[in-house]
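Peer 1: Here is a sequence together with a model predicted from it:
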Amino acid sequence: RMRPEDAADVDGWRRRGREKVFECLGTPPPAPASFAPVVVAEEDRGAYTARRVVFNVSAWERVPALLLVPKGPGPFPAVLGLHDHGAHFSIGKEKVVRPLADDRKTMKDAEEWVGKCYGGRFFGDALAARGHVVLAVDALFWGERGRAEGVSYEAQQELGANLLQLGMTWTGVVAWDDLRSVDFLATLPEVDPARIAAAGLSMGCHRTWMLCALSDRVAAGAAICWMGTTEALSQPGNNQTRGQSAFSMLVPGLRNWLDYPDVASLACPKPMLFYNGDQDTLFPVKGVEDAWAVLQNAWSLAGAPERLETRMWSVPHEFNVEMQEAAFAWLDAQLKR
């Protein structure tokens with residue numbers, strides 16, 4: 001295992017660790033020649049404006065996204081809002097940002113989902129009301145990037161397996177899309193490129209710490225309810241052992257070099273927040289605490305233990321309003337200095 005305490009210096013360990021992650025993620029989709037964004041709809045939401053935009057996330061794909069921009073003089077800090085998995089594929093970005101009013105079909109779906117997982121609040125809209133630009137994009141297989149034939153639970157393994165045949169990984173496609181979404185955010189005149197963060201629940205949490213580990217452009221991350229050791233997450237019955245949904249977060253061979261918290265630790269010494277719930281059956285408490293010990297060791301070795309925040313909440317697998325308020329106050333402290 002590649003561990004920072006075994007390396008001559010933390011920066012060298014981070015560089016080699018990042019190279020190993022990219023190697024295991026497989027071949028990336030080709031980069032776009034330009035993002036070529038177009039705003040196709042807009043809605044006034046009081047303190048901020050909601051826009052439906054379309055941009056090139058790769059040379060292969062042009063994707064729709066939801067963008068929230070505060071009113072007033074910018075540039076503003078920004079957050080890439082990363083949606084969850086939830087085995088709920090009909091929406092993606094709309095789990096983070098309220099759909100535009102004319103999207104009646106999606107609205108009901110989205111309101112029911114945020115009622116279940118987010119305390120009834122679209123966390124992207126809450127961040128925009130606090131003065132952050134927010135971008136939310138569907139990951140491959142969710143929302144408007146689902147299968148034309150219709151998305152089914154069983155089709156996850158088909159997608160994962162077929163990408164492996166091409167020397168790619170589903171996790172890698174998601175990671176590259178998130179990296180390019182951050183690059184797109186940084187080009188917007190309303191955004192301060194030095195103050196971009198990421199935040200998400202569940203798979204959105206996995207995406208958050210993966211993105212923070214792989215990109216120096218992301219200044220901070222709020223990672224909610226996805227952390228544990230391989231030992232804890234390889235127990236019989238755990239989602240990571242059952243195929244299907246696991247393919248969206250599976251990186252072949254990487255565990256031979258870096259455990260989950262090792263990858264997340266590549267984000268050090270940037271400010272990172274990790275929340276988990278002690279009633280979350282997907283992530284056993286012992287595994288979370290063992291993983292946090294790895295994180296704490298890395299941030300300490302990097303000379304910045306105060307930049308890492310870990311907190312166990314008495315909740316199941318969710319990102320409720322109280323958790324959001326605490327996480328957003330922390331994000332404000334990192335991005336509004």
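Peer 2: Looks like it came in fine.

Peer 1: Next SSE downstream of the helix or strand that contains V182?
Peer 2: Using DSSP states H and E, V182 maps to helix 170-187. Sequence-wise, the next helix or strand downstream of helix 170-187 (DSSP H and E) is strand 191-201.

Peer 1: so what does the helix holding V182 touch, helix or strand wise?
Peer 2: Packing contacts for helix 170-187, counted by 3 or more CB pairs under 8 Å, 6 or more residues apart in numbering; DSSP states H and E, involve helix 10-25, strand 76-82, strand 133-137, helix 155-165, strand 191-201, helix 203-214. For glycine as for every other residue, the C-beta is placed from the backbone atoms N, C-alpha and C.

Peer 1: Compare the ones you listed and give me the one nearest A223.
Peer 2: Comparing the helices and strands packed on helix 170-187 against A223 with CB to CB, the closest turns out to be helix 203-214 (4.4 Å).

Peer 1: what's the span of stretch 181-195 from first residue to last?
Peer 2: Stretch 181-195 has an end-to-end distance of 15 Å (CA to CA, to the nearest Å).

Peer 1: got the contact list for that stretch?
Peer 2: Here stretch 181-195 makes contact (CB atoms under 8 Å, 6 or more residues apart in numbering) with 35, 37, 55, 57, 65, 69-70, 74-78, 80, 133, 135, 137, 196, 198, 211, 215, 217-219, 335-336.

Peer 1: PyMOL command to pick out the buried ones of the residues you listed?
Peer 2: Those of the contacts of stretch 181-195 that count as buried under 16 or more other CB atoms under 10 Å are selected in PyMOL with:
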select buried, resi 35+37+55+57+65+69+70+74+76+77+78+80+133+135+137+196+198+211+215+218+219+335
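
Peer 1: Would you check how far apart E111 and R145 are?
Peer 2: With the distance defined as CB to CB, to the nearest Å, E111 ends up 21 Å from R145.

Peer 1: Please say which of the two ends up with more neighbours.
Peer 2: R145 (19 against 15; other CB atoms under 10 Å).

Peer 1: Just the local confidence number for the nearest residue to that one once chain neighbours are set aside, please.
Peer 2: Leaving aside its chain neighbours, R145 sits nearest to D138 (4.4 Å; criterion: CB to CB, 6 or more residues apart in numbering). For D138, the model assigns a pLDDT of 98.

Peer 1: which ones are touching P28?
Peer 2: M168, G172, V173, W176 are the contacts of P28 under CB under 8 Å, 6+ apart.

Peer 1: what helix or strand does the nearest residue to the last one once chain neighbours are set aside sit in?
Peer 2: Think W176. Closest residue to W176 apart from its sequence neighbours, by CB to CB, 6+ apart: P28 at 4.5 Å. Counting by DSSP H and E, there is no helix or strand that carries P28.

Peer 1: Tell me how far the closest residue to D178 other than its chain neighbours lies from L82.
Peer 2: In space, and not counting its chain neighbours, D178 is closest to L211: 4.8 Å by CB to CB, 6+ apart. Distance of L211 to L82, given as CB to CB: 8 Å.

Peer 1: same thing with E42?
Peer 2: Here the criterion is CB to CB. By it, E42 lies 23 Å from L82.

Peer 1: Check R3 too.
Peer 2: For R3 relative to L82 (CB to CB), the value is 27 Å.

Peer 1: Out of the two, name the residue with the larger neighbour count.
Peer 2: More crowded of R3 and L82, by other CB under 10 Å: L82, with 33 against 16.

Peer 1: how close does that one sit to N297?
Peer 2: Distance of L82 to N297, computed by CB to CB: 26 Å.

Peer 1: What of Q279?
Peer 2: Applying CB to CB, the value for Q279 to N297 is 27 Å.

Peer 1: who's more crowded, these two?
Peer 2: Taking other CB under 10 Å, Q279 and N297 do not tie; N297 has more neighbours (17 against 12).
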